[in-house]
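Participant: Compute the structure for the input listed below.
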Amino acid sequence: MLPSEEHLRRNVLEFVDPDYPRLLEGETIDAALARLRTTGFKSRAIYFYVVNAEGRLVGVIPTRRMLLNPPDTPVAQIMERRVVTVPKTATLEDACELFILHRLLAVPVVDEEKHMIGVVEATVYSDEMFRLADFSEENWSEELFQLIGFTLSEIRRGSALAIFQRRFMLLLSNLAGGLICAVLAGMFRDLLNRAVALALFLPVVLALAESVSIQTLTLVLDRRQLGVFTGKRVLAFIRRELPTGILLGLVLGGLVGGFAAAWDRQPLLFPTIAAGITLGLLIATVIGTVVPVLFWLAQRDARPSAGPVVLALTDVAALTAYLLAGLLMIP
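Facilitator: Purely as a prediction, here's the structure:
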């Protein structure tokens, strides 16, 4: 387990600041600020939280909105009623995910009845995140090289033979994927002979699918480094990424299909290429997510090895989807 994971799994109450700017639902801006000047508060005024007479959280107001509205404006009129909160039983890891997903600088902590306990600010984990990310040029280069199958330390310290062996073994996965793609193209030879334009756009199809799968893989690896990887969150990540993959496929497939149909004057090329690319990018998204998860389940580091495997599987899957779309749609 990463050293940071133990830190992130501590209860969020350990990091709560109970002294936060609290407004009452029935106040105006002027009355609320006058009261705060009298009572005071020690924490930073990132957001102003609005509570009702029972102390339950009912809204939040960004500081900018407080400053730009007239003093006699009712607090309830300018507050956001949908507030992102974290329960008191949560961990710092849960709060961290909310900061990332909603781009917040602070999150209120509430009990079961929505009574506000305090506020957790992004600064409680920022040092940990920077230590993990370590945005130095050295580590950035290291992460980049690991995505394509080897590390800088292997290159710098290994002999020429050791480097050759490492890179050769990893490139075998790409070679295997390429050979399988060649066999697939041969199996669909009649289709490609009938619609030569399909063959001309094969490099575009594979390039788009590879880009999407590596983008997804990078996002998955980044979430793992933040210590927020669980089976439940992987499923949530897939559900969030699939619509993105579909949208990318529809737009890019439409562009490529439209160009192909106009260039070759075959109307059927448009729906065929659009459908093939859309399905291919959807599959690429799933592959980019599932492969590193399988590595972790097997208790292996996904960073140095997942990249070549993802690319090889994506090539085969995307080509299969593309050619099947052509077989079904082109007579």
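Participant: Using the three-state scheme, assign residue 54.
Facilitator: Three-state call for residue 54 (DSSP: H, G, I helix; E, B strand; the rest coil): coil.
Participant: What of residue 116?
Facilitator: What three-state DSSP gives for residue 116 is strand.
Participant: Please report how far the closest residue in space to it that isn't next to it in sequence lies from residue 37.
Facilitator: Distance criterion CB to CB, 6 or more residues apart in numbering; nearest residue to residue 116, sequence neighbours excluded, is residue 57 at 4.8 Å. Where you see a C-beta, it was placed from the backbone N, CA and C, and this is true even at glycine. Plainly put, residue 57 is 23 Å away from residue 37 if you go by CB to CB, to the nearest Å.
Participant: And those two? Which one has more around it.
Facilitator: residue 57 (20 against 8; other CB atoms under 10 Å).
Participant: Next, count neighbours for residue 270.
Facilitator: Neighbours around residue 270, by other CB under 10 Å: 19.
Participant: Where does it sit: helix, strand or coil?
Facilitator: At residue 270 the chain is in helix, as set by three-state DSSP.
Participant: Once you drop chain neighbours, what's closest to residue 84?
Facilitator: residue 102 (5.3 Å).
Participant: any idea how far the one you found is from residue 80?
Facilitator: Per CB to CB, residue 102 is found 12 Å from residue 80.
Participant: out of those two, which sits in the busier spot?
Facilitator: A count of neighbours by other CB under 10 Å puts residue 80 above the other of residue 102 and residue 80, at 13 against 9.
Participant: For that one, which residues are in contact?
Facilitator: By CB atoms under 8 Å, 6 or more residues apart in numbering, the contact list for residue 80 reads 59, 60, 61.
Participant: at 10 Å what do you get?
Facilitator: Each residue near residue 80 by CB atoms under 10 Å, 6 or more residues apart in numbering is listed here: 47, 50, 59, 60, 61, 62, 65.
Participant: sorry, back to before: please, which helix or strand holds the residue nearest to residue 116?
Facilitator: Here residue 57, judged by DSSP states H and E, is contained in strand 57-62.
Participant: Could I get the average pLDDT for that strand?
Facilitator: Mean per-residue pLDDT for strand 57-62: 91.
Participant: which element follows that strand toward the C-terminus?
Facilitator: helix 63-68.
Participant: May I see the buried residues of the helix or strand just after that following helix?
Facilitator: Tracing the chain past helix 63-68, the next element assigned as helix or strand by DSSP H and E is helix 75-78. Neighbour-count burial for helix 75-78 flags 75, 76, 78 (criterion: 16 or more other CB atoms under 10 Å).
Participant: for stretch 179-190, same thing?
Facilitator: Within stretch 179-190, the residues that count as buried by 16+ other CB under 10 Å are 180, 181, 184, 188.
Participant: Any idea how many residues pack against residue 90?
Facilitator: Neighbour tally, residue 90, other CB under 10 Å: 18.
Participant: Just read off the phi/psi values of it.
Facilitator: phi -80, psi 170 (degrees, to the nearest 10).
Participant: Not counting sequence-adjacent ones, nearest residue to it?
Facilitator: residue 12 (4.8 Å).
Participant: and the one you found, what does it touch?
Facilitator: 86-96, 107, 109, 117-118, 120, 124.
Participant: Weed out the non-buried ones from the residues you listed.
Facilitator: Among the contacts of residue 12, the ones that count as buried by 16+ other CB under 10 Å are 86, 88, 90-96, 107, 109, 117-118, 120, 124.
Participant: Of those, which belong to strands?
Facilitator: Applying DSSP state E to the buried ones among the contacts of residue 12, the entries found in strands are 86, 107, 109, 117, 118, 120.
Participant: Please identify which of these is nearest to residue 27.
Facilitator: Taking CB to CB as the measure, residue 27 lies nearest residue 118 of those, at 20.5 Å.
Participant: I'd say that closest one and residue 109 touch.
Facilitator: Yes. Residue 118 lies in contact with residue 109 (CB atoms under 10 Å); the separation is 5.4 Å.
Participant: So for these two, which residues contact both of them?
Facilitator: Applying CB under 10 Å, 6+ apart, one finds that residue 118 and residue 109 are jointly contacted by 12, 13, 15, 16, 17, 18, 88.
Participant: what's the farthest-apart pair in these?
Facilitator: Comparing all pairs in the shared contacts of residue 118 and residue 109 by CB to CB, the longest separation belongs to 17 and 88, at 13.8 Å.
Participant: could you pull out the helices for the stretch 1-150 of the chain?
Facilitator: 3-8, 29-39, 63-68, 75-78, 92-102, 123-133, 137-147 (DSSP state H, counting those that start in this stretch).
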